[in-house]
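Visitor: below is the sequence, then the predicted model.
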Amino acid sequence: MCWPGGTSSARPTCIQIFPIKEKSQGSEVFATTEFGQYLLNGISQGCVYILLASGLTLVFGILNVPNFAQGHLYMVGAYIGFYMVMSFGMNYWLALVLATLALGIFGQIIYSLVFYPMRKAPEVNLFVAAMALLMILEGIALYFFGTSTKWFIIPYTRRVITFAGLALPLQRLIVILGTLMVMMALQWFIKKTAIGAALEATAQHREGAMLCGIKVSWISAMAFIIGTGLAGIAGMLIGPAVLLEPTMGMGPLLVAFSAIIFGGLGSIGGAVLGAFVFGLVESLASGYVSAKYSLTFVFGIMILMLLFRPKGLLGREVWRP
Amino acid sequence: MALLEVSGLTKSFGGLTAVSELNFQIQAGELLSIIGPNGAGKTTLFNLLAGIYKPTSGTITFNGMNMTGCNPYQVVRNGIGRTFQRTTIFRQSTVLDSVIIGQSLHAKVGVWGSVLKTSANCREEQKTREKAREILSFVGLADKENRIAGSLTEEAQKRLSISMVLATEPKLLLLDEPTGGVNLEEISGLMELVGKIRQSEITICLIEHKMRMVMSISDRIIVLNYGKKIAEGTPKEVANNEEVIRAYLGVRYAA
Amino acid sequence: MEALKTAYSSKVVAWLLVLILAIVIPPIAGGYLTSMLILISIWTIMCFSMNLIYGYTGQLSLGHAAFLGIGAYAFGLITVKLHFGFWPAFFIAIAITGLLAFLIGIPALKLRGPYFILVTLGFAVIVGVIVLGWIDLTGGANGLAGIPRPNPIPLPWGTKLRFDSLLSMYYFILFFLVLIGIFSSRLVHSLVGKTFIAISYDENLTESLGINTMSNKLLSFTMSAMFAGIAGVLYASYNIVISPDVTHFARGMDVVAYLIVGGAGTMAGPIIGTFVLMAIPEVLQIMPYLKTLINGLILMLFIIFLPNGIIGWFNTILGRLLKSGRVVNGPA
């Protein structure tokens, strides 16, 4: 997958988001396992999108703000982890937890400074604020990290598991398992705790939730923090498997948004489904058609969905106010 | 031939049926009121007539034309105008500009005409402006034409929203609770306006809760409950209808 | 009435003064300033473009960088590869931009709010991907070179007006800026413009008054894209070389920042906003890679505290001084 890189006038870079094929020792057969390989890649890529999309749909459902900066928050997560591990020699897992916490705190700061003061502003102003946040993060990334790409190397990065003629980099397995654990934790949180119930209630009917005594501002902050935290986790999980680059967040952002539109607004299940599907679509398009245009496929499908079934697959009727 | 004919009109939202098998007619020139408890489907009916909702089944025929499934703007162009329950105006516009927008669907203007300031374009804009002024004096807001709409009183805002719809030159006017949120003295003023509109041969369909007013000005009344029509007739007939009393009125109304 | 008349004529005088300054200063000030003003003018045209679709019609399109890019590349390809002349290429490029805007607008404008923004953003990203990736057509990362300047115009007294110099290009671009400015101004003050503004206030209400909001939005979107296309052609012709950078979505976001800081929905807003956010970093010698950060920070401050921008704030102050409830004639 290729992104135009950098906002500065430096020449655009074309980054491979994931390796096209890992040659594994002892595996002679490629043609028949091509599909399987793409499938595997797609699953791990889909996991990244699942994390991003869940965060997006939570914030979108409760604050009604599409957090355009979600992709850049994911990028920041990856970079924070990179520096903690590569420059400070921290343990990967510790860095993961710290990066996630850092992004959660950052989410609280953004909410308190930007979205809470603007809660009564016209909707479009909130969108502009999210866009401004994107620009700020992009600027910071360019300033601190430059336009060169960085390779996040940890002991797990290089190891590859092979089975049935397929190669799975260990890091990608970590992504898949990590996503599963996080999503199960999120599911438990929403279904089994009081705060989770409050989140669901506010997402469904803001005024109703207020009437029930739910502190909507607090819940909104919570939703935002979870959103940014999820972005951080996603960045840290996939970071070692890809090249780090300041605009690495843009493509995943668009895919994640396409996913929640495809799966249906207001439904985390729909977001997960959409993200998973698009991870696969992207990987297959990348492998069989062209890495450069895989995003076009994803986007094209989203536009078709918007034209013919704006609710998405599992969504509720959310159109006219 | 009736001006408006509604046949078998049904609207369901998933499992909830808001409006069920409605059949009625509105004759040209009359004032028909729609009453019923909250949630009976009155505003849903207006939204269906205005093209905002597409019916699940049934037909709407206006002036002999089948209007089922028309877009909202097409409905207005065909001659049905409506106001909203919550006073909806362009808060940041001037009063005059608001009515000009209402009139604009009849103006023959275009991009090139506007940019080149052709005489035809300027004439159309002048005509629109004059018509808008006429309507403002009709509703009694002529002296406020340069005021910002959001700065008007609640009652003046209601007049403004009515004047905006009148500017579209409707044959049938759907008024959704025009006296909502307005105090007692102002009600008679608004009702006078409704009477004036009737006299200019515009058919009116009214949703209201203020029974005394409804009984006094309506030619006919339709009563809705749970999306179904439970009564139809003159005010006297409706006031004495057992089911209506049970569902809604509560007290015997001698009209 | 008298007060309004003097207000109007003082506005006209103010604009004329600005125009005179714009004409007179560059020859005196020299090459560096002129080249800076050229870029500012091109981005002001972009800002006028955004002002039409966002400031006056209320639809926030993050895809207009794509239209600038399409205009630039269409023009570049038609002149360089098909060897068309400047003016035929100019009009064809604008037509192509308009057509593409029309086609993407039909599905995109069916959506409201964030969905529309997203689709336009996606469109910009995809155009960027295609321009970068379709190396055979666009030259990929290496870009396109050899784009011509306007043809020399024969003057009544025998000589020809050539466009090789910086100054001549500046006046050429200034001409289009003024043209587009007058076009926009006339449009937004007309009934058509009022319709756009009504849509930006309340689309549902406007529709309930019998106005086909979809076709109006499409009209506004297509026109604004064509303005962006003009900016693209002018940039291509001025710069002689274009690269995929010119389609980058972040440029579109920069323009939104210029517009909001200046004041969306006003006539002077785009000019002030673009000028301030482009000239001041130049003057302060701020490094290019800090520009996005600074634009973002300034935009954030403005959208929270001064969402109506500099001119909007100015109009509000003026309104308070002239007493509330009365119409305020701000700078156009």
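Guide: Right, received. Where do you want to start?
Visitor: for the rest of this, base every contact and every neighbour count on C-alpha atoms.
Guide: Fine.
Visitor: chain center to stretch A:114-133: distance?
Guide: Remark: stretch A:114-133 is offset 21 Å from the chain centroid, using Cα atoms, centre = their mean, to the nearest Å.
Visitor: so which bits of that stretch are buried?
Guide: Neighbour counts over stretch A:114-133 (16 or more other Cα atoms under 10 Å in any protein chain shown) mark A:114-116, A:118, A:124-133 as buried.
Visitor: please apply the same query to stretch C:157-175.
Guide: Neighbour-count burial for stretch C:157-175 [16+ other Cα under 10 Å]: C:163, C:166-167, C:169-174.
Visitor: go on, stretch C:267-285?
Guide: For stretch C:267-285, burial by neighbour count (16+ other Cα under 10 Å) applies to C:267-279, C:281.
Visitor: could I have the helix or strand hosting residue B:138 exported to PDB, CA atoms only?
Guide: Assigned by DSSP states H and E, residue B:138 belongs to helix B:119-139. Output of helix B:119-139 as PDB, limited to C-alpha atoms (Å, rounded to 0.1, in the frame of the first residue of the first chain):
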ATOM      1  CA  SER B 119     -31.600  43.400 -16.800                       C
ATOM      2  CA  ALA B 120     -33.800  40.300 -16.900                       C
ATOM      3  CA  ASN B 121     -32.100  39.000 -13.700                       C
ATOM      4  CA  CYS B 122     -32.400  42.400 -11.900                       C
ATOM      5  CA  ARG B 123     -36.000  42.600 -12.800                       C
ATOM      6  CA  GLU B 124     -36.700  39.100 -11.400                       C
ATOM      7  CA  GLU B 125     -34.900  40.000  -8.200                       C
ATOM      8  CA  GLN B 126     -36.900  43.200  -7.900                       C
ATOM      9  CA  LYS B 127     -40.100  41.400  -8.500                       C
ATOM     10  CA  THR B 128     -39.200  38.900  -5.800                       C
ATOM     11  CA  ARG B 129     -38.400  41.600  -3.400                       C
ATOM     12  CA  GLU B 130     -41.700  43.400  -4.000                       C
ATOM     13  CA  LYS B 131     -43.700  40.200  -3.600                       C
ATOM     14  CA  ALA B 132     -41.800  39.500  -0.400                       C
ATOM     15  CA  ARG B 133     -42.700  42.900   0.900                       C
ATOM     16  CA  GLU B 134     -46.400  42.300   0.000                       C
ATOM     17  CA  ILE B 135     -46.400  39.200   2.000                       C
ATOM     18  CA  LEU B 136     -44.700  40.800   5.000                       C
ATOM     19  CA  SER B 137     -47.400  43.500   5.100                       C
ATOM     20  CA  PHE B 138     -50.000  40.800   4.800                       C
ATOM     21  CA  VAL B 139     -48.800  39.100   7.900                       C
END
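Visitor: so is that helix next to chain C?
Guide: Yes: applying Cα under 8 Å from any Cα of the partner chain, one finds helix B:119-139 touching chain C at residue B:125.
Visitor: name the nearest residue to the residue of the stretch 1-150 of chain B found nearest chain C, sequence neighbours excluded.
Guide: Nearest residue of the stretch 1-150 of chain B to chain C: residue B:73, at 4.0 Å (Cα to the nearest Cα). Nearest residue to residue B:73, sequence neighbours excluded (Cα to Cα, 6 or more residues apart in numbering or on different chains): residue C:210, at 4.0 Å.
Visitor: can I assume that neighbour is in contact with residue B:80?
Guide: No: Residue C:210 lies out of contact with residue B:80 (Cα atoms under 8 Å); the separation is 9.3 Å.
Visitor: can you map out the strands along chain C?
Guide: Using DSSP state E, the strands found in chain C span residues C:153-154, C:160-161.
Visitor: mind checking which of these is nearest chain B?
Guide: For the strands of chain C, the distance to chain B is smallest for strand C:153-154, at 25.6 Å, taking Cα to the nearest Cα.
Visitor: wait, residue A:274 sits on residue A:257?
Guide: No: taking Cα under 8 Å as the definition, residue A:274 is not a contact partner of residue A:257, at 9.3 Å.
Visitor: quick check: phi and psi on residue B:33?
Guide: phi -110, psi 140 (degrees, to the nearest 10).
Visitor: also residue B:7?
Guide: Torsion angles, degrees, to the nearest 10, at residue B:7: phi -130, psi 120.
Visitor: that one - how many residues pack around it?
Guide: 16 (other Cα atoms under 10 Å in any protein chain shown).
Visitor: SS state for the closest residue to it other than its chain neighbours?
Guide: Closest residue to residue B:7 apart from its sequence neighbours, by Cα to Cα, 6+ apart: residue B:23 at 4.6 Å. The three-state assignment at residue B:23 reads strand, by DSSP: H, G, I helix; E, B strand; the rest coil.
Visitor: per-residue confidence for residue B:23?
Guide: Residue B:23 carries a pLDDT value of 92.
Visitor: ok, residue B:33 to residue B:196 distance?
Guide: Counting by Cα to Cα, to the nearest Å, the separation of residue B:33 from residue B:196 is 17 Å.
Visitor: my bad, should have said residue A:91
Guide: Between residue A:91 and residue B:196 the distance is 81 Å, computed by Cα to Cα.
Visitor: returning to that earlier point: hey, C-alpha coordinates of the helix or strand encompassing the residue of the stretch 1-150 of chain B closest to chain C in CSV?
Guide: Per DSSP H and E: residue B:73 is located in helix B:72-78. Provided in CSV are the C-alpha atoms of helix B:72-78 (Å, rounded to 0.1, in the frame of the first residue of the first chain):
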residue,chain,number,x,y,z
PRO,B,72,-39.9,17.5,-0.3
TYR,B,73,-39.0,20.3,-2.7
GLN,B,74,-41.2,18.9,-5.4
VAL,B,75,-44.1,18.7,-3.0
VAL,B,76,-43.8,22.4,-2.3
ARG,B,77,-43.5,23.2,-6.0
ASN,B,78,-46.7,21.4,-6.6
